[in-house]
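Participant: can you look at this prediction? I've put the sequence above it.
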Amino acid sequence: MEIMIIIVLLIFIGYISKYLGILKEEDRSVLNNVVVYISMPSTVFLTIIKNVSPEELPLFIKLPILIFFIFILCGIVGYILGSYLKLEKRSIGGLILVCALGNTGFLGYPIIYGFYGDPGLVRAIFCDMGSVIASLLIGTFVGITFGEGRKEGGPTFLYIIKKLLRFPPFIACILSILFVIFDIGIEDIPTFLVDTLDYLSKATVPLIMISLGLSLSPSSTKFGIRYGILAFLVRMGIAPLLAVIFSVLFSLGGLEKNVLILQSAMPSAMMSLVFSLLYRLDIKLVASACFITTIISLLFLPILREILTPVV
């Protein structure tokens, strides 16, 4: 529970900094760039190379595959809900995004690390890689189908590949996996380089939380609180239930199972806002759902963790 207090305090620092005028909401893009391009790739690389052996890779590779399909299925649930409620096209697209996409990176990393340390974080990273691919695929498809069809980068498949190859944490993940496969350990890397990456890595969690605090806007809830509740029921009800089912079907247990379930239950991803702006979906619905699910998750995830099987 202590880690959740720390996370809430860091988020509050970001929020109060915006309120006092120390930082502006627009500053989150700078913080996000530092995280995505510098500190998070350092975290990903060091965590994997320190904690993964070649024998464990086949087990870990299951995690991104399963999270990918969980997000796809949650997106389908979002579409069914939106159609049943007879929402307009743009709103259906927004509801699909907030039901499908979970915040496995910007919230998943610090929470899983706080719960399970480096062994949990390495599994969270593999889950997040599946989340990144699902986010690009779902976000692009939903934007083209339910938004105004604005798209950059040519055909959808090529666009997604291009985005993946430009996403530093994904590159760091692939590079570290190659190091593991070829049995290149942390001891084979110059000490000064490891120490530099370690310093950069330590900035990841506080910067993520402060950025998240800058992003949160309580005023957005008045535009669509019921859609935020629907997103909560899917993200923290259906998604972890699917993770439990998949864990049984694919023989996952222990820490892998726990992390998969927790990562599946993360609140609606802030990336939903990016896709909503890019494709002009229902931004008010999406902003409301992101805020509501994030706040509820800070109470829900510790409870879920206590319910899960203890890991020795």
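Facilitator: Nice, thanks for sending it over. Residues are numbered from 1 along each chain as shown.
Participant: what's the nearest residue to Leu308 if we skip its chain neighbours?
Facilitator: What sits nearest to Leu308 in space, not counting adjacent residues and going by Cβ to Cβ, 6 or more residues apart in numbering, is Asn258, at 4.7 Å. The C-beta positions use only the backbone N, C-alpha and C, and glycine is treated the same way.
Participant: Ile49 versus that neighbour, what's the distance?
Facilitator: Asn258 sits 23 Å away from Ile49, going by Cβ to Cβ, to the nearest Å.
Participant: helix or strand right after the helix or strand bottoming out on mean pLDDT in the chain?
Facilitator: Least confident helix or strand, the chain: helix 156-165 with a mean of 78, by mean pLDDT, DSSP states H and E. Next in sequence after helix 156-165, counting helices and strands by DSSP states H and E, comes helix 168-181.
Participant: mind listing what's buried in that next one?
Facilitator: Under the neighbour-count criterion of 16 or more other Cβ atoms under 10 Å, helix 168-181 has 168-170, 172-173, 176-177, 179-180 buried.
Participant: what does that helix rub up against?
Facilitator: With contact meaning Cβ atoms under 8 Å, 6 or more residues apart in numbering, helix 168-181 is reached by 36-38, 40-42, 44-45, 48-49, 52-54, 57, 105, 125-126, 128-129, 132, 164-165, 185.
Participant: go with 7 Å
Facilitator: Contact with helix 168-181 is made by 36-37, 40-41, 44-45, 48-49, 52-54, 57, 125, 129, 132, 164, as judged by Cβ atoms under 7 Å, 6 or more residues apart in numbering.
Participant: let's see if you can find the most crowded of these.
Facilitator: Ile125 (31 neighbours; other Cβ atoms under 10 Å).
Participant: between the buried residues of helix 168-181, which is nearest Ile210?
Facilitator: Using Cβ to Cβ, Pro169 is the member of those that lies nearest Ile210, at 18.4 Å.
Participant: any idea how far the closest one is from Ser176?
Facilitator: Distance, Pro169 to Ser176, using Cβ to Cβ: 10 Å.
Participant: hmm, Leu73 is touching Ala243, no?
Facilitator: No - between Leu73 and Ala243 there is no contact under Cβ atoms under 7 Å: 10.5 Å.
Participant: in terms of neighbours, single out the busier of the two.
Facilitator: Ala243 (24 against 17).
Participant: where's that one, which helix or strand?
Facilitator: Per DSSP H and E: helix 239-249 holds Ala243.
Participant: just want the most central residue of this structure.
Facilitator: The centre of the chain sits closest to Thr104, judged by Cα atoms, centre = their mean, with a distance of 2.3 Å.
Participant: and it, how far is that from Lys257?
Facilitator: Thr104 sits 16 Å away from Lys257, taking Cβ to Cβ as the criterion.
Participant: which positions in the helix or strand that Val132 is a member of come out as buried?
Facilitator: Using DSSP H and E, Val132 falls within helix 108-146. Of all the residues in helix 108-146, those buried under the rule 16+ other Cβ under 10 Å are 108-116, 119-144, 146.
Participant: quick check, nearest of the contacts of helix 168-181 to Ile6?
Facilitator: Among the contacts of helix 168-181, and counting by Cβ to Cβ, the member closest to Ile6 is Met40, at 18.6 Å.
Participant: tell me who's in contact with that closest one.
Facilitator: Contacts of Met40 by Cβ under 7 Å, 6+ apart are 169, 204.
Participant: so it is in which element?
Facilitator: helix 40-51.
Participant: pLDDT of that helix, averaged?
Facilitator: Averaged across helix 40-51, pLDDT comes to 94.
Participant: cool, and stretch 241-253?
Facilitator: 95.
Participant: any idea how far that stretch is from the middle of the chain?
Facilitator: Stretch 241-253 sits 20 Å away from the centroid of its parent chain (Cα atoms, centre = their mean, to the nearest Å).
Participant: report the buried residues of it.
Facilitator: Buried residues in stretch 241-253, defined by neighbour count with 16+ other Cβ under 10 Å: 242-243, 246-247, 252.
Participant: for Gly224, give me the pLDDT.
Facilitator: For Gly224, pLDDT reads 66.
Participant: for Ser288, same thing?
Facilitator: On the pLDDT scale, Ser288 is placed at 87.
Participant: mind listing what's buried in stretch 18-27?
Facilitator: 18, 23, 27.
Participant: same deal with stretch 284-303?
Facilitator: Neighbour-count burial for stretch 284-303, counted by 16+ other Cβ under 10 Å, picks out 284-298, 300-302.
Participant: other residues contacting the helix holding Ala243?
Facilitator: Identification of contacts with helix 239-249 by Cβ under 7 Å, 6+ apart yields 66, 70, 73-74, 102, 257, 260-261, 264-265, 304.
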